[in-house]
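In: quick one, fold the following:
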Amino acid sequence: DDELQTDGNRSGHFQNGELGLAPTNEDVIRIIAAQLAEIGDQFDKEIQGRVVNGLVQHFLNENLSTEEITLHMSRVVSELIRSIPSDMEQEKAMLVLAMVLTKKIVNTVPSLLHRVFNTTVNYMNQQFHNYIVEMVSA
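Out: Numbering: from 1, shown residues only. Coordinates of the predicted model:
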C-alpha cells in the first residue's frame, strides 16, 4: 500500500501533521531486492530478443485487453522458466523473469512504461502475492 519512489525508498504519509513511515523491516527488503537483482542479471543474458519483441508487439496492440496481455505474459514466463536452467524455487525464478521482461520491454519501447508496469504488477499480484508475502515475512 506504500508508494515506491524512483530511488527505491518508501514514501512517507502525513499523519496528524507528522511524516510517518510504514513499519517494515527495510533491511530485509533490501537484501531480498539485491538477491532478486543478481538473479535477474543472470536471466537477462538468457532471454532472446525475439521473445522481448513478441511481447512488445502484444503491448503495442491496442485491441488486446490487459487480461489478454497478462495471460500472454504468463505463457511467456512459463515457457522461459522451462528453457532457462535454474536450481532455485520456481516461484522466485518466475517472479524475477517477469521483472526482467518488464525491464527489457521498457528499454526497447519506453513509451510502453505505464502499460507494461501495470500489467506486470497485475500479473505479480495474481500469480505471486502469497509468495511475496511469505518471502518478506520469512
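In: could you use CA atoms for every contact and neighbour count after this?
Out: Fine.
In: for this protein, which residue is closest to the average position?
Out: Per CA atoms, centre = their mean, the C-alpha nearest to the average position across the chain is that of Met99, at 3.3 Å.
In: and the gap between that one and Glu62?
Out: 22 Å (CA to CA, to the nearest Å).
In: cool, Asp87 as well?
Out: Shown here: Asp87 relative to Glu62, a distance of 38 Å by CA to CA.
In: do the same with Ser83
Out: Ser83 is 29 Å from Glu62, by CA to CA.
In: mind listing what the residue nearest to the centre of the chain touches?
Out: Contact partners of Met99, counting by CA atoms under 8 Å, 6 or more residues apart in numbering, are 40, 120.
In: which helix runs longest in this structure?
Out: Counting by DSSP state H, the longest helix found in the chain is helix 113-137.
In: now do that one: which elements does it pack against?
Out: Packed against helix 113-137 by the contact rule (3 or more CA pairs under 8 Å, 6 or more residues apart in numbering; DSSP states H and E) you find helix 26-46, helix 66-83, helix 90-108.
In: burial of Gly49, as a residue count?
Out: Look at Gly49: counted by other CA atoms under 10 Å, it has 12 neighbours.
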